[in-house]
Structures are given as C-alpha cells and as structure tokens.
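Colleague: Fold the following and give me the result.
(chains A, B and C)
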Amino acid sequence: MSDATSPRRGPAAALSRFFDGDLWYNFRTSPLAVIAAIIFFGLSLAAIFAQFVAPHNPFLAPDLMDGMMPPMWESGGSQTFLLGTDDQGRDVLSLILHGMQVSLFVGLAAVLLSVVLGVTLGLIAGFFGGVVDAVIMRIADIQLSFPNILVALLIDGMVSASFGRATQAALALPVLVLAIGLSDWVQYARTVRASTLVERRREYVQAARIMHIPSVIILFRHILPNIMGPVVVIGTLGLAHAIIAEATLSFLGVGLPPTQPSLGTLIRTGNDYLFSGEWWMTVFPAVTLVLLSLSVNVFGDWLRDALNPRIGK
Amino acid sequence: MLRYTLRRVLQAIFVMLSVGFISFSMFTFVGDPILHMIGTEGTAADREALRNALGLNDPLIVQYVSFLGKMLTGDFGISYRLSMPVSDLIVERLPATLELAACAIALSIIIGIPLGIFTAIRRKSWVSQGILMGSLVGVSLPTFVIGMFLILIFSVNLGWLPAFGRGETAMVGNWSTGFLTTSGLRSLILPSIMLAFFQTTLIIRLVRAEMLEVLEQEYIRFARARGLSDRVIWFGEALKNTLVPVMTIVGLQMGSVIAFSIITETVFQWPGLGLLFIQAVENADIPVLATYLVLVSAFFVGLNLLVDLLYYLVDPRLRGGQGAPK
Amino acid sequence: MSALLEIRNLSATFATRRGIVSALSNIDLSLAPGEILALVGESGAGKSLASSCINGLLPRNCRISEGEVLLEGQRIDNLSNKQMEKIRGAQIGTIFQDPLTSLNPLYTVCQQITRTLRAHRYISDADAQKRALELLEEVGIPGAAQRLHAYPHEFSGGMRQRVVIAMALALRPKLIIADEPTTALDVSIQAQILELLRRLSKDHGASVILVTHDMGVVAETADRVAVLYAGRIAETGPVADVLLRPAHPYTQGLLGSIPSMERKLARLPQIPGSMPGLTAIPQGCAFNPRCPRTADVCRQVRPEAHLAGARRVFCHFAEELAS
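Modeller: I've put the predicted structure just below:
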C-alpha cells in the first residue's frame, strides 16, 4: 500500500536505470572523474588486502640492521625494500599499505557515524519542527562556531582526561572515530533538515500520514530515499575531510600510537628525520595521503556538479 | 536597526553562555581537580577542606554562576601542568597567535579575492582552469603536509627562511611583536603561507561561485543593455554584490584561522595559543582547554556580530525604507 | 522616409546538447523613425530573441546564423562587443520585463544613472547629477529631487519601472526596445507606463519595438504589429488592419480567444494543440498541424509572403482569408 504512494525503486531496476542514466553518461565522459575513481579504488583494494599485498610484515620484529635504507633506486638502497626502510628497519611500502588500511577504516567509520547521526537528527528536526527542531539546530549552531579539528581535539582531550593517557592508547581507534565523527555531523543535519522541510509538504508524505503510517517509517522509508542525493555528495567530500582529519590528529600526536601506524602517524615519525635527510620516511606516506584525499575530492567535486545542474557550465 | 542588533546580541550571549556551560562541565565532571592540585598524598580531610574552599560542594548552579563571574573578571584558574594562572599564559601567548592569524588572513584575502574574480570573468581560459585545479589540490592537501614541504624546500634545501620559532621579538607594552625585527618578519613568512593556504583556496572558490551567480542577474543584463563596458560591469556593478556574501563567510573563517593555527604552530614550533592548547590536550590540562574553548568562541561570536553589523552597513535593503529585505 | 532599423532575412540558432536548433527563421522587419512596432506571440515564439538580436545581448549558446541587422543603414549584427557597447545605451535603449530585478540593489538610483551617462560621454559629477534629476522628473517621479539618492528597494514597482525607463533613455537613443515592459506590473499601473513610453517616443522622435504577448497592449500602443509563431513571422501590418481583419489563421485564432464585451460566448474558442518546441517544428507551414484550413500544400511548402495592402501574410490562402 504505502509503496505505491512513495517513489521507491527495486535494486535491480535502480541498477539498470543507473547505467542508462545521465549520471553514468556524465561520469564516462569526465576523464578526471574516471581517473580519480580508478586511483581511489586501486588504493582502497591495496589497503584492504594489505596483509597479502605488502612485501613484508612490518609488525614482525624487524632487523635494526636494515634501518634507514633509502629507496631502491638511490645509492645504498636494496631490491628488498622498494621504498626504503624506517628507523627501526621496517619496510616503508608495507607500512604505507597497512597505514592506509587504518586511515581508510577510520575515515569510513567516522563518515558513517556523522552520516547516521546527522541524517537522523536532521530528519527529526525537519519533520517534527517546534522545540525539538530548535534544540537540535541551536546545538548545531554552537558546534559550528568551532572548527571540526578543534572539536575533535577537545573530545580526544576529554577522553584522556577521564581515562588517563595509558588507557587512551588502547582506546585510540574508537576514540578517533568518535572524535572525527562527532565533529562533522552538523552539515548533514542542516542539509537533511532543509530537504525534509520541503519533502514534508509533498503529497506522498501527506498520503502516508493520512494512512496513519508511523512517523519513523515515513521518515526512513519514504522521505529518506528522496533526500539522499546531497547526503551522498557531502559524504564523499566528507570522506576526504575525515581521512585528512585522522592524519592531522595523528600528526599532532593525539591520534593513533606508533605501534598502530596510520598515514598520519607515519608522517609524524618520519618528520623527525626530515632534517637529517631521510626524506623517504615522510614523503611517501604524505604523497599517498594526498593521492587518496585528492582522488576522493575530485570525484566528490564531479558528483556535486553532476547532481546539481544549476551550477553546471 | 535596534531590534536587529538586539536580537544578534542576545543570540551571541546565548552562545557564549552555552560554551561557558560546556567549559564549566569540563571542569566539574572530567577528572578530579583536587587530585590534580594536591596529588594523591593528601589526606581525605585535606581534600575535603580544599573542596569546601574551592566551593566544589556548593549546588551546581551556584558553582556555574561563580564560574561565569570568574571568567568575566579574567580569572581562568590555574594550569595543572604549569601551575601558573591561565590568564598569564594566555596574555603571554596571545600576541604570537594573533599576529600569525592576521598575516594569514590578509594573505588569503589579497590572493584569494583577485584570483576568484579572475576565474569567474575568464572562466574558459587555461589559467582559470589551472587555478581551479590548483585550488582542488589545495583543499586535498593536509595543511601539515604543506608546512612540512615548505620547511623542506625553503629551510632545509634552500636555507632561506627559518623553520621554527618566532625569531627575535620586540616588546611594545605588554605585547611581544615580531613585526618590528627582520628575523621576526622572516619567521612569519612560512607559517603565514601555510595557515593561509586552505583559506585562500576556499576564498577563490567562494568568490568565483558568487561572482558567476551575480553575473547571471538581470541587473547585469540591463547594465549591458545600457552600454556599460565589461570592466565597469565587473568592478563597478558586480563586485560589490559578490563581496557582500563573501564577507560573511570570510568573517566566519577568521575564527577558524585561530583554531587552525594549532596545526601550524605545531609544525613550526610557534609559541602561541595553539601550541599551548595542544600541550594541554596531551596533558589533560583542563583549565587551559576550557579557557581556550571560551576564548576561541568569544572571538568567533564577536566576529560574527561584527560581520552582521557590517552587512547592515553595506546592504541598503536591510536599512529599512519601504521595501522589506528579501 | 528611410527606415531607422532594418532586419533582413534574419535567422538565429541555439547550440544545445542535442545539436543545433533553429530559433528564428528568415525574419524580415523594418521600422520607420518614430514608429512603434509590436512583436506579439506566445512565450517561446522568439519575440524576445528577435529583440536580443538587435541589441546584441543574445544568450550564451545562441548566435545569428544568417541575415543582417541595419541601424540607419549601418550593419550592427557583425560588430565586436566593444563596438556594440558604444551603440547600446546611446543608440539602442532597452527596457526589461521586471523592474524589481533590473536595478542593482546596492547602488542608488543616481549612481546607476550617472554611471550610464559616463559610459558614453565625458561629463562632470555635478552635470551628471543634474541630468539624472532631469531624467527622473521627465519620467514623472514625484519628489524626484528627494529621491535621487534613494536605493531601488525604496521605490514601488511602477516607480521602479519609471526609473528603468529613465535609465534606458538617458542618452536619448533613437531606438527603444521594450521587452514586456508592463508584464510584471499591476494592471492599474500598466496603462500609465505605456502612456509614458508613447509620450517619450513622441517627444524625442524615437522608434519603439514593443515585445508583448498582450493584444490589449498592442491595440493601445503600437502603430504596426508583427505576429510571430515558432520563430517565424506569421503576419505583419498596421495595427488596425491586423487586429480588425486578421488574415493569418493563427492571428485569427489568437484574437478569437480574447474575451470581449460585444460577443458573449459560453466558452472562448481556443486553438487546438500547442506551439511546437524548437526541435519539432513541422515541415511546410509551422502552423499546419493546428490550422483549421490545412491543405496538402501547407504540409509540403513553407509559405512565402503574400502582400495584402500594407500587410504581409505568410499563408498559402492569404488572399482568400483577407477578403
């Protein structure tokens, strides 16, 4: 009954529509977007299967004799270590692959958290209005008066004040996800609220209400699918933000410990050797990080223009 | 006018009270201040005495009001880590951060606005495409990576500019400034570029989008129909309309520059508020964290208010008359 | 009497994603000094586009593909943007539909008028202001001296359109293009604005091209009228002839669907169907699928101009219908 009133699609139909649609055509004819997507998926696959792809296992006790080796094409380099080794003799390439895995995981988890939180609160604020709306949006306003990175740092600082630094190291990963995720929900909430305010007045919502369908179902099954476009765009760009935020926090020393290296942690440790000439310890992780966030950003930028024809050429 | 201003001021006060409450909660609920002050050696009686002396046994609302009172008089408590009044620390560190932020903001405006205009009015040219692509790369580059590469190139390889610190500073009253010495100015260059980088890319994209939007307006078409030249249309008719909304966002960005300087100050070991803050995070130094929070939001709210009032001066539609603002 | 403006065999095309689309096709028009010519038609018929071809303010994806536009015997369709800037405002004044959006909200009326004056001649601040005041007085703004330094939002809609007219006419152009100048205004104010246009055109001997979809406006204001359909001219001639004895079936249909005091009908007649989009203009006469008189020839051959007195009618049965 309710399905007839709300414009829903089956997954198979959606898929074939997608490949017929303007979006796919637009994608195929945007070389930049295709390149970005290929780079991103290539890096992601390498990261997901780091355990199998990486030439060495950086977590096994390394040989300190192998320490500080430059990349193989420099003098003193070795075929065994493609991109050289770090101060403890760990293979930089393998470290990067494992680090990317952590970075991507934190980024995705944080985006997921902020999407779930922001979309839910935005739907509720837009649909119910009144006091609930006022409270949620005031909180959003207040949080907006602080940059994300500051909010994330504060959350991290409070956790370590509550549990002490030692415990915090064990909790580093979830705390990092929490800090980044909580710092970034506001823009989803604002966008979703604005779209919900529009959708709320549409006939299909009115019809569902008359049929006494519970609000929760109206919100998540009827309204939500119709407002996901902008959320997907913000989410894509948000992934780049989250990956950068993770790296920044780890670089600032409040993220992941060196035993659980992410790209940010690798750059931080490498940074100490930058002045003494061991540039490869920093430069390779940094380039990987930039490649990762740039490919996501280029793709997200394309997606935004493609879904919003008004800004188009 | 009065009503408008009053509403803005009330909103600002509400935000500050909320932030004050968050910061107060940090003091009250996170960690135990007594433990920090006398350590674990003190007896239970000692602690209780101190609790009473500090008013920690009073009802929460009384504590909150007295906390706000202290904040207003500039009493921000004692740093757990440095055992110094937080207000002294702030006064000592504030000039470094403000000078850095001011340079970065000036730099991003001076570079960002002209480039944004250029990419809007010459949108098909290769240079514009290049600038836009560059700005996308700029958004994707983590700022600390930019800082590191600046150091690698200009300090390590070329040896032109200092890689850390403020250089020599001169005292003007209570204010230590790096503007008056050569080494101070040289030290400012790299950190300012790093801090300005992200803001600049943001301003370029914002100005471009606004300008393109304005150039599509009917009054621009009418101006063309009256024979106004491109130059007059761009810089006489469209520019002001572009900059009004840009001003708001740039104003708000200034607040975040202060916070972003945390990263810059870490990379360049710049002795400002950001470095103080990051050390406070590492050591769970709650009074410093809480004060920083209040300070940054006060700065932000103040700027917000200023931008609103400025808006009012620039846009005649808000100044009453018959027509209501759109 | 030589024509002030002459449009010869003008065609214009849009470049769209699906290829080149013809928007105007073989338009011929001429305008005598002091004459008021109305371009009428439904929205999308190309009447605004035709006026844009004259002042050179075509949409970005549109260009003139054929024909020429002559102002006082000089071609202006092939001038560069810089050369056109000198003509726009000085020789061709344009008035747009919506006075709310035609004025820049952030500058005073005085600033916007003086800027227009300065675009074309060297003039001192004091003189420019004096001239601005005269212009506002001329278009009938009460208390012009006090309102010279007011912002657009401080004027009502009708007053704003007067300001727009003052600006468009600041340099006494010989040709005025008025693109739906009264559509966005209250009915009570429309007549005043039209009267003002008429008066100014008479006082300065300026010709007017009046773009409108309103036959009432045509009857009240214009000397001559050209009816456009799907980017082509259907019929042109003196207003009295065309309105009282329409010769083209489209004009007849158009006039038949206007309510009238004399004939009381249960239901107004309407033309069946709707105007074709630019991508689907039928072969032969563009109007043939909707025309009550359609014959085989209409589906095959595009009609030539048939002269009927002072009129030109693009219909195979023009003579028959006019009588």
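
Colleague: Can you identify each of the helices in the stretch 201-323 of chain C by residue range?
Modeller: With DSSP state H, counting those that start in this stretch, the ranges of helices along the stretch 201-323 of chain C come out as C:215-221, C:239-244, C:249-256, C:296-300, C:318-322.

Colleague: any weak-confidence spans in the stretch 1-150 of chain B?
Modeller: In the predicted model of the stretch 1-150 of chain B, residues B:1-2, B:27-42, B:51, B:53-57 satisfy pLDDT under 70.

Colleague: all strands in it, in order from the N-terminus.
Modeller: Listed in chain order, the strands found in the stretch 1-150 of chain B under DSSP state E, counting those that start in this stretch amount to none.

Colleague: Enumerate the residues of it near chain C.
Modeller: Residues of the stretch 1-150 of chain B that fall close to chain C, judged by C-beta under 8 Å from any C-beta of the partner chain: none. Quick note: C-beta positions are derived from backbone N, CA and C, even for glycine.

Colleague: Let me see the contact set for A:Phe128.
Modeller: By C-beta atoms under 8 Å, 6 or more residues apart in numbering or on different chains, A:Phe128 lies in contact with A:Ser215.

Colleague: Next one: it from chain B, what distance?
Modeller: Remark: distance between A:Phe128 and chain B (C-beta to the nearest C-beta, to the nearest Å) = 22 Å.

Colleague: what about the closest residue in space to B:Asp308 that isn't next to it in sequence, how many neighbours?
Modeller: Using C-beta to C-beta, 6 or more residues apart in numbering or on different chains and skipping residues adjacent in sequence, the residue nearest B:Asp308 is B:Arg8, 5.1 Å away. Around B:Arg8 there are 17 other residues, counting by other C-beta atoms under 10 Å in any protein chain shown.

Colleague: who touches B:Arg8 in this structure?
Modeller: Each residue near B:Arg8 by C-beta under 8 Å, 6+ apart is listed here: B:305, B:308-309.

Colleague: Ok, B:Ser128 next?
Modeller: Shown here is B:Ser128, whose contacts under the criterion C-beta under 8 Å, 6+ apart are B:118-119, B:122.

Colleague: One more pass at 10 Å, please.
Modeller: With contact taken as C-beta atoms under 10 Å, 6 or more residues apart in numbering or on different chains, B:Ser128 is in contact with B:115, B:118-122, B:208.

Colleague: got it, and C:Ala310?
Modeller: With contacts defined as C-beta under 10 Å, 6+ apart, the neighbours of C:Ala310 are C:224, C:236-238, C:240-242.

Colleague: Among the residues you listed, which one has the most neighbours?
Modeller: Neighbour count (other C-beta under 10 Å) singles out C:Val242 as the most crowded of the contacts of C:Ala310, with 29 neighbours.

Colleague: thinking that one is in contact with C:Ile233, fair?
Modeller: No - C:Val242 is not in contact with C:Ile233 according to C-beta atoms under 10 Å; the separation is 11.7 Å.

Colleague: Which neighbours do these two have in common?
Modeller: With C-beta under 10 Å, 6+ apart as the test, C:Val242 and C:Ile233 both reach C:226-227, C:248, C:313.

Colleague: so can I have CSV of these showing pLDDT, distance to chain A and neighbour count?
Modeller: Output for the shared contacts of C:Val242 and C:Ile233, formatted as CSV (pLDDT from 0 to 100; distance: C-beta to the nearest C-beta, whole Å; neighbours: other C-beta atoms under 10 Å in any protein chain shown):
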residue, pLDDT, distance to chain A, neighbour count
C:Ala226, 91, 34, 24
C:Val227, 90, 34, 27
C:His248, 84, 38, 30
C:Val313, 85, 42, 28
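
Colleague: Which of those sits closest to B:Ile262?
Modeller: Within the shared contacts of C:Val242 and C:Ile233, the smallest distance to B:Ile262 is 69.0 Å, found for C:Ala226 (C-beta to C-beta).

Colleague: thinking again about what came up before, packed most tightly, which of the helices of the stretch 201-323 of chain C would that be?
Modeller: Each of the helices of the stretch 201-323 of chain C was assessed for mean neighbour count using mean count of other C-beta atoms under 10 Å in any protein chain shown. The highest is helix C:249-256, with a mean of 20.

Colleague: Which other helices and strands does that helix contact?
Modeller: helix C:215-221, strand C:224-229, strand C:232-238, helix C:239-244, helix C:318-322 (3 or more C-beta pairs under 10 Å, 6 or more residues apart in numbering or on different chains; DSSP states H and E).

Colleague: Put together JSON lines for those, with distance to C:Pro152 on each row.
Modeller: Formatted as JSON lines, the entries for the helices and strands packed on helix C:249-256 read as follows, by distance: least, C-beta to C-beta, whole Å:
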{"stretch": "helix C:215-221", "distance to C:Pro152": "24"}
{"stretch": "strand C:224-229", "distance to C:Pro152": "32"}
{"stretch": "strand C:232-238", "distance to C:Pro152": "36"}
{"stretch": "helix C:239-244", "distance to C:Pro152": "34"}
{"stretch": "helix C:318-322", "distance to C:Pro152": "47"}
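
Colleague: Now do the strands in the stretch 151-300 of chain C.
Modeller: Secondary structure of the stretch 151-300 of chain C, counting by DSSP E, counting those that start in this stretch: strands at C:175-179, C:207-212, C:224-229, C:232-238.

Colleague: Just the mean pLDDT for the shortest one, thanks.
Modeller: The one in question is strand C:175-179. Confidence over strand C:175-179, taken as the mean pLDDT, stands at 90.

Colleague: and if you look at the last one?
Modeller: When pLDDT is averaged along strand C:232-238, the result is 88.

Colleague: OK, contacts around C:Leu171?
Modeller: Remark: with contacts taken as C-beta under 10 Å, 6+ apart, C:Leu171 is in contact with B:226-227, C:88-91, C:93, C:116-117, C:119-121, C:131, C:135.

Colleague: Looking at these, which one is closest to chain A?
Modeller: Top of the list for closeness to chain A, among the contacts of C:Leu171 and by C-beta to the nearest C-beta, is C:Arg88 at 26.0 Å.
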